[in-house]
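Trainee: Pasting a predicted model and its sequence here:
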Amino acid sequence: MALKTILSSSVHKLSNLIWPPRSLLSDKRVEHQGTIEAELWSELPFIAGPICFCCGVPMEGVFHPESLCGVCMAQPPAFDKARAVLAYDDLTRPLVLALKHGGRKDGVKLFAIWMAEITPNIDDLDLIVPVPAHWTRLFARGYNQAAWLAQALSKQCAKPWRPDVLIRQRKTGSQNGLSLKGRQRNVQGAFRVKGRLDGMKILLVDDVYTTGSTLEACAKVLKRAGANQICSVSLLRVCKPKTINDIDEPILEKLNA
Ligand SMILES: [Zn+2]
């Protein structure tokens, strides 16, 4: 065995002794970093079954794969398709909070594998773009969790990603308590695109889809810059309008931050 391999393996064993790997969902010890204990796997609310063809919200009693939900029928979104891996609930919330506010990066590889599985038209993509953070947020936090996900997904599906195409030029206030129109106004003019994207098929990546207003605002400017198709993939999705009203205000602010 090469000396480098022996050293790397020893460092790995030593670090596991000092910082034993913990589950992404609890304090339980797991064998490998960035994984989840077996008992909780079966509990995870993966979004499967009938969904809206456009926004990806789970729907009951839908039999046609291209059916649209009432919201998308009433006002067709600027994006083409949005998909998410897991439904937001008490079990999955820690995944995003640990990523966003705890800077916990060890789950990113697993999340990218999940996201690649459900990304629409993944083989035809031209570019992966993370939903950007405002520079003041980047300065304070030191990272953009959506960019971590986009980078990992880019590696997973061997498609290029760029964190500098879409820019958040204005800080947005809390979306909490706002009507759909209010949320749309809140993110209006918040984003701009650097350069042209003529004819490109873009995949937007975010950690959580709460109301879809951010994605809608991003899709509009990307299309104005010439993009031909905008799909998106998120790790979590708030699935029912009722659920969003049930989320405590401080948590909703954290999710949207
Ligand atoms: Zn829909």
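Mentor: Arrived safely.

Trainee: For the protein, which residues are neighbours of the ion?
Mentor: Contacts of the chain with the ion, taken as CB under 5 Å from the ion, map to Cys52, Cys54, Cys55, Cys69, Cys72. All C-beta spots, glycine's among them, are computed from the backbone N, C-alpha and C.

Trainee: number of nearby residues for the fourth one?
Mentor: The one in question is Cys69. Using other CB atoms under 10 Å, Cys69 is surrounded by 17 other residues.

Trainee: Would you state the predicted confidence (pLDDT) at the residue lying closest to it once chain neighbours are set aside?
Mentor: Leaving aside its sequence neighbours, Cys69 sits nearest to Cys52 (CB to CB, 6 or more residues apart in numbering; 3.9 Å). Looking at Cys52, its pLDDT is 94.

Trainee: sorry, back to before: any chance of the residues of the chain next to the ion in a markdown table, plus secondary structure and distance to Gly199?
Mentor: Output for these, formatted as a markdown table (DSSP: H, G, I helix; E, B strand; the rest coil; distance: CB to CB, whole Å):
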| residue | secondary structure | distance to Gly199 |
| --- | --- | --- |
| Cys52 | coil | 26 |
| Cys54 | coil | 21 |
| Cys55 | coil | 24 |
| Cys69 | coil | 29 |
| Cys72 | helix | 24 |
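
Trainee: Out of the residues you listed, who's the most crowded?
Mentor: Among those, the one with the most neighbours (other CB under 10 Å) is Cys55, at 22 neighbours.

Trainee: what sits against that one?
Mentor: Going by CB atoms under 8 Å, 6 or more residues apart in numbering, Cys55 touches Cys69, Val71, Cys72, Pro77, Ala82, Gly212.

Trainee: Correct me if wrong: the third one contacts Cys52.
Mentor: Yes - using CB atoms under 8 Å, Cys72 is in contact with Cys52, at 5.7 Å.
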